[in-house]
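J.: have a look; sequence and predicted model below, questions after that.
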Amino acid sequence: MTSRIAAPVLTRLAARRSPLPALLRKRGTVNRDGDAGFTLIEVVVALAVVAIALTAIGAVAATSARGTRSMEQHLALVETTRIVASTLPQNRQANLDGLTGEILNHRWRISIAPFVGSGIYQRPDSQWIPQTVVVRVRSPSGAVTGFETVRLQQKAPPQ
């Protein structure tokens with residue numbers, strides 16, 4: 001239900017012509033038949049803007065894919081290092097030359113050496129020997145990770 005005052009205003013607004021065709025006529029984009037259109041330069045500029053936007057979106061997607069792949073490779077390398085570290089030999093299996101192997105195409109090497117530290121007093125009557133353990137893992141892509149730690153190895157019982 002419209003009021004008597006609002007009805008004539010709505011009628012006048014509806015009867016009014018849109019200012020857009022007059023604006024287009026001033027710019028010279030209305031042809032002789034009265035059809036509005038775009039100039040060739042406007043179309044080329046619009047295509048260039050769309051091409052630039054699509055290129056930027058493609059670059060972002062490619063960077064994201066590379067980052068994801070790099071993260072997956074790093075995670076595989078760290079997990080392989082964790083597996084190698086959790087399976088360190090607990091007895092005298094490891095000689096001082098070290099151990100090598102391959103897990104999931106990742107080459108690994110464990111080096112075990114006597115611990116040498118300045119200011120460390122080792123008791124000769126102790127049943128424990130400190131050892132330096134170095135673990136290195138190389139992925140198929142060539143990335144290397146590893147760690148160095150100290151562990152206590154029990155001396156062999158006297159025979």
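T.: Received it, and whenever you're ready, just let me know what you need. Numbers count the residues shown, from 1 in each chain.
J.: which helices and strands does the helix or strand containing Val44 pack with?
T.: Using DSSP states H and E, Val44 maps to helix 40-86. With contacts defined as 3 or more CB pairs under 8 Å, 6 or more residues apart in numbering; DSSP states H and E, the packing partners of helix 40-86 are strand 99-103, strand 106-114, strand 128-138, strand 144-154. C-beta: built from backbone N, CA, C; applies to glycine.
J.: okay if I get those strands as a markdown table plus mean neighbour count?
T.: Shown next, in a markdown table, are the helices and strands packed on helix 40-86 (neighbours: other CB atoms under 10 Å):
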| stretch | mean neighbour count |
| --- | --- |
| strand 99-103 | 13 |
| strand 106-114 | 17 |
| strand 128-138 | 17 |
| strand 144-154 | 13 |
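J.: quick one, grab the pLDDT at Met71.
T.: pLDDT recorded at Met71 is 91.
J.: got a list of what it touches?
T.: Contacts for Met71 (CB atoms under 8 Å, 6 or more residues apart in numbering) come out as none.
J.: go on, Val135?
T.: So Val135 contacts Thr81, Val84, Ala85, Leu88, Trp108, Arg109, Ile110, Gly146, Phe147, Glu148, Thr149 (CB under 8 Å, 6+ apart).
J.: mind doing that once more with 7 Å?
T.: Thr81, Val84, Ala85, Trp108, Ile110, Gly146, Phe147 (CB atoms under 7 Å, 6 or more residues apart in numbering).
J.: since that was my last question, I'll sign off now.
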